[in-house]
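S.K.: Provide a 3D model corresponding to the input given below.
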Amino acid sequence: MKELKASLKSKDCKVQSLQELLSKTWERNKALELELNAAKVKINKQDNKIYNLWDNLDSLEQYTRKNSLEIHGVPKEAYSSMEEVVLTIANALDVDISSNDVEISHHLKRRNSNTAIIVKFANHKVKTKLYKARTRLKTAKMSSVFPRCPVSILEFKDRIFINENLTGHRHFVMGQANKMQRDGLLLSCWSLDGKIFLKTSPDGSPTRIFSENDLKNL
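M.R.: Modelled structure (predicted):
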């Protein structure tokens, strides 16, 4: 009996010791959980701050491009200067633009494109006039706009496109939207003053999108 009592007493001590250790561990875990939740709140605030800073930077960069357009599809053999391209297309679209309206024009270095031209206009109104008239290019033939272009080149180039000069992020989002339109998932998509819009049905209202997630959540 003495041995049994001694054994029970020893076990009671161990159980009490384990209970105290468990209590301390629980309290420690509770404190760590509070610290973790506080850290998550802090990280979320920092993430929001970083996103807002990034969004402001992207908006500022887009603002610096507000007077610029991209011209795609015109073969290099069709012109002698990039300013000529701008004036020729403007003339074909009946848009009154002179050399004084073109601040600068040069080839746009972009992967998978060696014919793109970027044009910066002297003011936003001139850029807007040409951009609004771009829809008439759908029925314009390259041969009528640039008759001097070799016939062998024209066989492979039949469309001219005018796009806004978007930031890298907005260019990517616009590319994804265009892909969805080609796949029949969207009715139409376009940009206006750097803002991207789309329609999913003829009767629907235009929806502005900001990111790829907006496209996924349609």
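
S.K.: Ser68 and Leu166 touch, don't they?
M.R.: No - with contact defined as C-beta atoms under 8 Å, Ser68 does not reach Leu166; the gap is 9.6 Å. Where you see a C-beta, it was placed from the backbone N, CA and C, and this is true even at glycine.

S.K.: who has more neighbours, the two?
M.R.: Leu166 (22 against 18; other C-beta atoms under 10 Å).

S.K.: what does the model give the more buried one for pLDDT?
M.R.: We have a pLDDT of 97 for Leu166.

S.K.: Contacts only, for it.
M.R.: Gln62, Arg65, Met174, Ser191, Gly194 (C-beta atoms under 8 Å, 6 or more residues apart in numbering).

S.K.: now for the helix ranked longest in the chain, which elements pack on it?
M.R.: Ordering each helix of the chain by length in residues (DSSP state H) puts helix 2-63 first. When contacts are defined as 3 or more C-beta pairs under 8 Å, 6 or more residues apart in numbering; DSSP states H and E, helix 2-63 packs onto helix 168-182.

S.K.: next one: the helix it packs on to chain centre, how far?
M.R.: Offset of helix 168-182 from its chain centre (C-alpha atoms, centre = their mean, to the nearest Å): 7 Å.

S.K.: Could you do stretch 76-96 as well?
M.R.: 28 Å.

S.K.: Going by neighbour count, which residues of it are buried?
M.R.: The neighbour-count check on stretch 76-96 (16 or more other C-beta atoms under 10 Å) flags 78-79, 82-83, 85-90, 92-93, 95 as buried.

S.K.: Need the CA coordinates for the next helix-or-strand element following the longest helix of the chain. CSV is fine.
M.R.: Downstream of helix 2-63, the first helix or strand assigned by DSSP states H and E is strand 68-72. These are the backbone C-alpha positions of strand 68-72, laid out as CSV (Å, rounded to 0.1, in the frame of the first residue of the first chain):
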residue,chain,number,x,y,z
SER,A,68,-0.2,60.0,-76.9
LEU,A,69,-1.5,57.4,-79.3
GLU,A,70,-0.2,54.2,-80.8
ILE,A,71,-0.5,53.4,-84.5
HIS,A,72,-0.2,49.8,-85.4
